[in-house]
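1. Quick one, what's the 3D model for this:
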Amino acid sequence: MSKAVLFLFFLLGFQLSFGQNQNDYEEIKESIISAYNSDNYKAIFDNYSTQMKEALNLEKTEEFFKNLNSSAGNIIDSEFLGFNPPYSMYATEFDRGAFMFSLALSENKQITGFKFTPYGKSTNLAEADTMLDLPFEGEWYVVWGGDTKEDNYHVEHPAQTGAFDFLMINDDLKTYEGDGSSNEQYYAFGKEILSPAAGEVVMVVDGIYDNIPGEMNQDFVTGNTVVIKLKKDEYLWLAHFKKHSIQVKEGERVEEGQLLGLCGNSGNSSEPHLHMHIQDELKMNSAKGLKSYFNRLKVDRKYIENYSPIRGDLIEKI
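-> This next block holds a predicted model:
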C-alpha cells in the first residue's frame, strides 16, 4: 500500500470545543463509513470545513479513498478507543487490514482533519531497571498506557513509547464538575504529584502558563516539567505541572514520595493530567522509552505488585 494510503493528515484551524461529545463524533464517523463503503466520496467531501476543502479538493479526496479501498477494501467494523485531542480515535477493521482512524471536527461538526495509520501490535519494550511508586494519592484513571496503539498512542514516539497519561474521574466517568471551562473544575488540577523514585533532579521547567481547557500549547510540549535521573542512567519525565507549583530544583536529590509539585494543564495538554515516562537518556529527540513497573498498587481496587498499568485501569497508591 502506498504511503498516501497508509497516512493522511489534515488539521486546519481547529480548536477542541466543549460543545462536541462522543455522540457527535460517532455520528460523523458512521456517515463517513457509510459513504466510503458505497463509493460516495463526494458525501465525505461535502462535510469538510471550508479550509479542508481548499487543502483537499474533491478530485484529491476521491483519489485518496479510491486508493484506500483498492488496497484495504471496505470497512467492516470500527470501535471507539478514546479521545486524544484534537482527535477521536477508532480501531477500524477493513477487509484487508486494520487502521487507527483519527477524526477531528469543528464546532458545527464539519471535518477539519483525519488520518489513517496502521493499527499496531506490541512494541516489545525494554524494561526500566527502577521500580516505581505511584506519584499521587487517591484513585486515578489511566487514559493512555500499555504496549499497543490501541492502549497507548505514545508508542509512535520513540522516547515516550512506555508513557502514561493519568487523570481523575468521577463515578460518571467525567473528569470535571460544571461545564469544564476552567482548570479548577477538573478533579486532577492542583493535586500533589510525588516523586515515584529516588534520584537526582536534572531538569526543571517552570513558569509556563496553564492552558484554557480544550486549548494546547505546542510551543512547550511538556509544559512545566521535572526530569529525575534514576539509577543506571534512566531518566524519569513528569510533565504538565501547574505554573509555579514545582518544589524542587536542578541538582537536588529527591526521595521516593517527596512532593514535586501540583498537577496542571501546561504544554501540549487539553485538560489537567499527569504525563509520565522513563527513557534511556536525557535528550528526548534521541532517547528510547522504557517500560515502567510499579511495585505495589491497587488496580480496579484490587492489590497488585510489580504491575505496568494499561489504558482503562483505575489505580491507587498503597
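
2. now the helices for this protein?
-> With helices called from DSSP state H, the chain shows them at 3-6, 22-37, 41-46, 50-55, 58-72.

3. what about the ones you listed, which gets the closest to Pro135?
-> Proximity of these to Pro135 was assessed by C-beta to C-beta; the nearest stretch is helix 22-37, lying at 28.8 Å. Every residue, glycine included, has its C-beta placed from N, CA and C.

4. what residues are up against Asp300?
-> Under the criterion of C-beta atoms under 8 Å, 6 or more residues apart in numbering, the contact list for Asp300 reads 313-314.

5. tell me the pLDDT at it?
-> As predicted, Asp300 sits at a pLDDT of 89.

6. what's the distance between it and Ile315?
-> Distance, Asp300 to Ile315, by C-beta to C-beta, to the nearest Å: 8 Å.

7. and of the helices of the chain, who's closest to Ser266?
-> Between these, helix 22-37 lies closest to Ser266; by C-beta to C-beta that is 26.0 Å.

8. what's the distance between the closest one and the middle of its chain?
-> On the basis of C-alpha atoms, centre = their mean, to the nearest Å, helix 22-37 sits 22 Å off its chain's mean C-alpha point.

9. Show me what that helix is packed against.
-> Using 3 or more C-beta pairs under 8 Å, 6 or more residues apart in numbering; DSSP states H and E, the elements in contact with helix 22-37 are helix 41-46, helix 58-72, strand 75-84, strand 87-94, strand 97-105.

10. now it against strand 87-94, angle please.
-> Using axes from the mean of the first three to the mean of the last three C-alpha atoms, to 10 degrees, the interaxial angle of helix 22-37 with respect to strand 87-94 works out to 40 degrees.

11. So which bits of helix 22-37 are buried?
-> For helix 22-37, burial by neighbour count (16 or more other C-beta atoms under 10 Å) applies to 24-25, 28-29, 32-33, 35-36.

12. for stretch 304-318, same thing?
-> Residues of stretch 304-318 classed as buried under the neighbour-count rule (16+ other C-beta under 10 Å) are 307-311, 313-317.
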